[in-house]
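Colleague: Show me the folded form of this:
(4 chains)
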Number of protein chains: 2
Amino acid sequence: MPKQKQFDEYEALDKAKSLFNKKGFNGASMDELVQATGLSRSSIYDTFGDKYTLYIRCLQRYSQQSQAMIDSQLEKMASPRKKIQAFFDYTIACKLSDPDAMGCFMVNATTELAGEDTNIAKISCTNMQEMEQRFFLWVKEGQAMGEVNPAYTPRALARHLYNSLTGIQVTAKTKPDKSVLKDIVKVALSVLD
Amino acid sequence: MPKQKQFDEYEALDKAKSLFNKKGFNGASMDELVQATGLSRSSIYDTFGDKYTLYIRCLQRYSQQSQAMIDSQLEKMASPRKKIQAFFDYTIACKLSDPDAMGCFMVNATTELAGEDTNIAKISCTNMQEMEQRFFLWVKEGQAMGEVNPAYTPRALARHLYNSLTGIQVTAKTKPDKSVLKDIVKVALSVLD
DNA sequence: ATGTTAAGGGAACAAACATTCCAAATAAAA
DNA sequence: TTTTATTTGGAATGTTTGTTCCCTTAACAT
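Modeller: Got it, this is the predicted structure:
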């Protein structure tokens, strides 16, 4: 029987993801990916096909991980309004504690490639819809409970929240400053009250 | 006396800027830049130094042009509140009419390079401060005139507006949909009322 | 006209790139 | 232990990359 794989595919994927996140698709070379993952060239090509396929898999993994992280972080929060608040607070805490300022991989992928690559555009769009749906449900619940302002539709509010979140991913890279990000969250979420 | 330049430096800069905007710094090759500008390699290197310097000059030009465009588009607007509204309306109109979905060059540059390159990070930060300052003045004026809600400081509102604008640049690339962008602007600017 | 100076086109370069290939190493089954 | 299947490391490949160099061409001052 064959020799077993000597490495964990998902561990390698996470390391590649980190490099792609930091340098972008075009900015990261296979040499660097070999170094970052600790694998050999042949192992990478055998396991993931080519650079592009590896990138796609990293991006999909990032999307899944992010959403899983959200759920695990917020499941104990009872109130939808508090969930939204906690989510934004958690996001800016992450951005401020990240010394590499890699930014959001999904945002980076979108700005770098979505205009030229249909697959990336599709992943980006799906990710947006999933995030918007989360916000939509929280807002709808919150409005039903009377803790969220009913002046706007859940859809419109969800879109605004998603957009503010996306903005924060870029703004945090431009100026990773606590008071700036806190101001943004405070005002952006004030539409809920 | 020497032969005169046979091309307009700023015209070439605009063409290079467009390519960099579409493909990014790492995604655009010198071959493509030669083709896009219509110049020869030697003319590009003679005039702009190297690829990196050319990119920086494109980015600075983009920043200047954007701000000049804002001023010229909005100078006739009397009310600060209407200026802000018109500015966002103008922005989403631009995004929707752009078939290439190139996105905002400053945002693209920031997400691609600001984490690794100090010069780009500095330009991005300066651009943010300039934009924030515009919003700040409009909000302050608007509050003084009683047409903008005084519940939040001009600084906090300006930061939120800048952040929403940045978000729109990315969201428009993910989903260039009129109703989505209109929802975002409607809710994001509602904090002014 | 003519001399001077720089622009322009394109060939040439070395380095970096993604990818392929092969021989050696290795773990499990026989 | 031997066989078998597969991973693995590194050399090799052909392309693309950014950059330089040279020679021709052309404009201006004299």
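
Colleague: in chain A, which spans are strands?
Modeller: Shown for chain A, no strands are assigned by DSSP state E.

Colleague: what residue ranges in it score low on pLDDT?
Modeller: Along chain A, segments meeting pLDDT under 70 span A:1-4.

Colleague: Now do the helices in it.
Modeller: A:9-23, A:30-37, A:41-48, A:51-74, A:80-97, A:105-113, A:118-145, A:154-174, A:178-189 (DSSP state H).

Colleague: Can you check what angle separates the fourth one from helix A:41-48?
Modeller: When you say that, I think you mean helix A:51-74. Orientation of helix A:51-74 against helix A:41-48 (axes from the mean of the first three to the mean of the last three CA atoms, to 10 degrees) gives an angle of 60 degrees.

Colleague: mind listing what's buried in helix A:51-74?
Modeller: For helix A:51-74, a neighbour-count test (16 or more other CB atoms under 10 Å in any protein chain shown) marks A:51, A:54-59, A:61-63, A:70, A:74 as buried. The way it works is simple: take the backbone N, C-alpha and C, and place the C-beta from them, glycine included.

Colleague: Test my guess that A:L74 contacts A:I84.
Modeller: No. Using CB atoms under 8 Å, A:L74 is not in contact with A:I84, being 9.0 Å away.

Colleague: before we move on, back to that, between the helices of chain A, which gets nearest to DNA strand D?
Modeller: Closest approach to DNA strand D among the helices of chain A (CB to the nearest atom of the strand): helix A:41-48, 3.3 Å.

Colleague: And that closest one, what's buried?
Modeller: Applying 16+ other CB under 10 Å to helix A:41-48 flags A:43-44, A:47-48 as buried.

Colleague: ok, and does stretch A:149-160 reach over to chain B?
Modeller: Yes. Contact of stretch A:149-160 with chain B (CB under 8 Å from any CB of the partner chain) involves A:151-152, A:155-157, A:159-160.

Colleague: Counting neighbours, which of the residues you listed comes out on top?
Modeller: Counting neighbours by other CB atoms under 10 Å in any protein chain shown, A:R159 comes out on top of the residues of stretch A:149-160 next to chain B with 30 neighbours.

Colleague: Just give the number of residues close to the nearest residue to that one once chain neighbours are set aside.
Modeller: Nearest residue to A:R159, sequence neighbours excluded (CB to CB, 6 or more residues apart in numbering or on different chains): B:D183, at 4.6 Å. If you count neighbours by other CB under 10 Å, B:D183 ends up with 20.

Colleague: There's contact between B:D183 and A:H160 in this structure, I believe.
Modeller: Yes. Shown here, B:D183 and A:H160 form a contact pair, counting by CB under 8 Å, at 6.9 Å.

Colleague: Correct me if wrong: A:A114 contacts A:M128.
Modeller: No. Using CB under 8 Å, A:A114 is not in contact with A:M128, being 10.7 Å away.

Colleague: Neighbour count: the two, which is higher?
Modeller: Comparing A:A114 with A:M128 by other CB under 10 Å, the one with more neighbours is A:A114, at 24 against 21.

Colleague: Near the closest residue to the more buried one other than its chain neighbours, how many other residues are there?
Modeller: Counting by CB to CB, 6+ apart, A:A114 lies nearest to A:A121, which is 4.3 Å off, once chain neighbours are set aside. Look at A:A121: counted by other CB under 10 Å, it has 19 neighbours.

Colleague: give the contact list for A:A121.
Modeller: A:110, A:114-115, B:174 (CB atoms under 8 Å, 6 or more residues apart in numbering or on different chains).

Colleague: Many thanks, have a good one.
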